[in-house]
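Enquirer: my questions concern the predicted model and sequence given below.
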Amino acid sequence: MIIQPKIRGFICTTAHPVGCAQYVQKQMDYVRSHGMIGNGPQRVVVVGASTGYGLASRIVTAFGCGASTIGVFLEKEAENSRTASAGWYNSVAFEQKAKNEGLYARSLNIDAFCDEAKQRVVDLIKKDLGAIDLLIYSLAAPRRQHPRTGQVAKSVLKPIGAPHTSISIDASTNTLETVTLPAASQEEIDQTVSVMGGEDWEFWIDALAREKLLGERFMTVAYSYVGPELTKIIYRHGTIGRAKDHLEKTAKKLDERLKKTGGRALISVNKALVTQSSSAIPVIPLYFTLLNKVMKEKNLYENCIAQICRLFSTRLYTGNPIPVDENGLIRMDDLETRPDVQAQVLESWKKLSQENLAQLADLDGYHREFLQLFGFGFDEVNYEADVNPVQKLLSLP
């Protein structure tokens, strides 16, 4: 079939297998161009491995460290006239490229929150790897069924305490609009913490530790975001922020526990990027377009793979103590939060209008990055060609 992008709201409902393979290849090429990372992990589990920072982490560890990787994700295969999800095609491409390089790569398409997912990873590690050196936790899920209680929690994107009104952008029409987000209830806050907090991360470590599968100097890293003052009311001071607070408390608890055996548990605060999950947050995409314009002008811009490659090569595996801030966080958002960058973004925000939007915001860049998340917008791909939407993961029956 000939596959074209079909965009509905903040998501693209189609994905292109050849384009997604190109997306993975470009990230792989970037990693290879920066050389191998010495002393990097050799046995890695990535929870949330099919898109965004999780996918980038799997690519960096495999092609930058030569690691064996197990990826856990929940994606959709192609069915009837519907394409598979982008994350499915990304993972198919990753596995094929790993096989071509002689690298071990196994994938589990399963709800990472359930006990079965953890048990299947335990079984794979026992069978093939013996133990692991690194677990990356990079889930961005809208809902979670608690494995102990069976209760289903759903995350929401709301401020806390009072409604919040702000300027935003309708990305489908490049039109500025005013949005008002209602204040979250305590139940919504609690559910968001259940989905996006640190409990499941701790469950993963518990499951592996019980089976003595954490290798010498084992490390686990979860990804987070803080953001500037401009977005804090709806992000860091909102429901997601409460979940991130819980994630950071979990990191401190796990770190104290793992340090006793030479291990570490850390949070990496990453840069704001266009991802499938971030595109759904009101106000945030508008901030991205302004931020990216400034960072590109200052030659500071990083995409997912550049950010994670820098994390591994200059923070996690240098042979030196890992640099953290006063709260114990690895600050990979250091370029985004530079005072000169934020001052220019804030200046643009204050004078923003429909008339000057195209001059102050990187609209073309945002749309190109958004399309590439789904395998579209690559010059190297012929989107008029007939392609087979059915692609199989090598490691699944």
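Expert: Looks like it arrived, so ask away.

Enquirer: helices of the stretch 201-350 of the chain, start to end?
Expert: With DSSP state H, counting those that start in this stretch as the criterion, the stretch 201-350 of the chain has helices at 239-259, 284-297, 304-311, 339-350.

Enquirer: contacting residues around Leu316?
Expert: By CB atoms under 8 Å, 6 or more residues apart in numbering, the residues touching Leu316 are Met219, Val221, Ile322, Ile330. Bear in mind the C-beta positions are built from the backbone N, C-alpha and C, glycine included.

Enquirer: quick one: what helix or strand has Ile169 in it?
Expert: strand 164-170 (DSSP states H and E).

Enquirer: direction included, what does that strand pair against?
Expert: Strand 164-170 pairs in its sheet with strand 175-181 (antiparallel), by DSSP bridges.

Enquirer: quick one: mean pLDDT for the partner strand?
Expert: Mean pLDDT, strand 175-181: 92.

Enquirer: and if you look at stretch 332-343?
Expert: 96.

Enquirer: can you tell me what sits against that stretch?
Expert: Against stretch 332-343 from outside (CB under 8 Å, 6+ apart): 225-226, 228-230, 268-272, 291, 294-295, 298, 300, 302, 307, 310-311, 315, 331.

Enquirer: repeat that for 7 Å
Expert: 226, 228, 268-272, 291, 294-295, 298, 300, 302, 307, 310-311 (CB atoms under 7 Å, 6 or more residues apart in numbering).

Enquirer: same check, this time on stretch 18-28
Expert: Looking at what lies outside stretch 18-28 - CB under 7 Å, 6+ apart - the contacts are 56, 59, 63, 86, 89-90, 93-94, 97, 305, 372, 375-376, 378, 380-381, 387.

Enquirer: residues near Asn299, how many?
Expert: Residues lying near Asn299 (other CB atoms under 10 Å) number 6.

Enquirer: give me the below-cutoff pLDDT ranges for the stretch 251-397 of the chain.
Expert: 276-280, 396-397 (pLDDT under 70).

Enquirer: give me the nearest residue to Gly377, chain neighbours excluded.
Expert: Setting aside the residues directly before and after it, Gly377 is nearest to Leu371 in space (CB to CB, 6 or more residues apart in numbering), at 3.7 Å.

Enquirer: which of the three states applies to the one you found?
Expert: helix (DSSP: H, G, I helix; E, B strand; the rest coil).

Enquirer: roughly how far apart are it and Ala86?
Expert: 10 Å (CB to CB, to the nearest Å).

Enquirer: okay, those two: which has more neighbours?
Expert: Ala86 (28 against 18).

Enquirer: before we move on, back to that, would CSV of the helices of the stretch 201-350 of the chain with distance to Val152 be doable?
Expert: Listed next are the helices of the stretch 201-350 of the chain as CSV, based on distance: least, CB to CB, whole Å:
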stretch, distance to Val152
helix 239-259, 16
helix 284-297, 25
helix 304-311, 30
helix 339-350, 37
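
Enquirer: of those helices, which is nearest Met1?
Expert: Nearest to Met1, of all the helices of the stretch 201-350 of the chain, is helix 304-311, at 28.3 Å by CB to CB.

Enquirer: pull the distance from the closest one to the chain's centre.
Expert: 11 Å (CA atoms, centre = their mean, to the nearest Å).

Enquirer: export it as CSV, just CAs?
Expert: Taking Å, rounded to 0.1, in the frame of the first residue of the first chain, the C-alpha atoms of helix 304-311 are listed here in CSV:
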residue,chain,number,x,y,z
CYS,A,304,16.9,12.8,21.1
ILE,A,305,19.9,10.8,19.9
ALA,A,306,22.4,13.7,20.5
GLN,A,307,21.1,14.2,24.0
ILE,A,308,21.4,10.6,25.0
CYS,A,309,24.7,10.1,23.3
ARG,A,310,26.0,13.0,25.3
LEU,A,311,24.4,11.6,28.5
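
Enquirer: show me what that helix is packed up against.
Expert: If you count contacts as 3 or more CB pairs under 7 Å, 6 or more residues apart in numbering; DSSP states H and E, helix 304-311 packs onto helix 17-33, helix 52-65.

Enquirer: point out where the stretch 101-250 of the chain drops to low pLDDT.
Expert: In the stretch 101-250 of the chain, no residues with pLDDT under 70.

Enquirer: all the strands of the stretch 1-150 of the chain, in order from the start?
Expert: 7-8, 11-12, 43-47, 68-73, 105-109, 132-137, 143-145 (DSSP state E, counting those that start in this stretch).

Enquirer: tell me which of these sits nearest to Glu326.
Expert: Smallest distance to Glu326 across the strands of the stretch 1-150 of the chain (CB to CB): 22.7 Å, for strand 132-137.

Enquirer: if I pick Ser194, what's in contact with it?
Expert: Arg144, His146, Ala153.

Enquirer: still on that earlier bit, farthest pair in the contacts of Leu316?
Expert: Met219 and Ile330 (11.3 Å).
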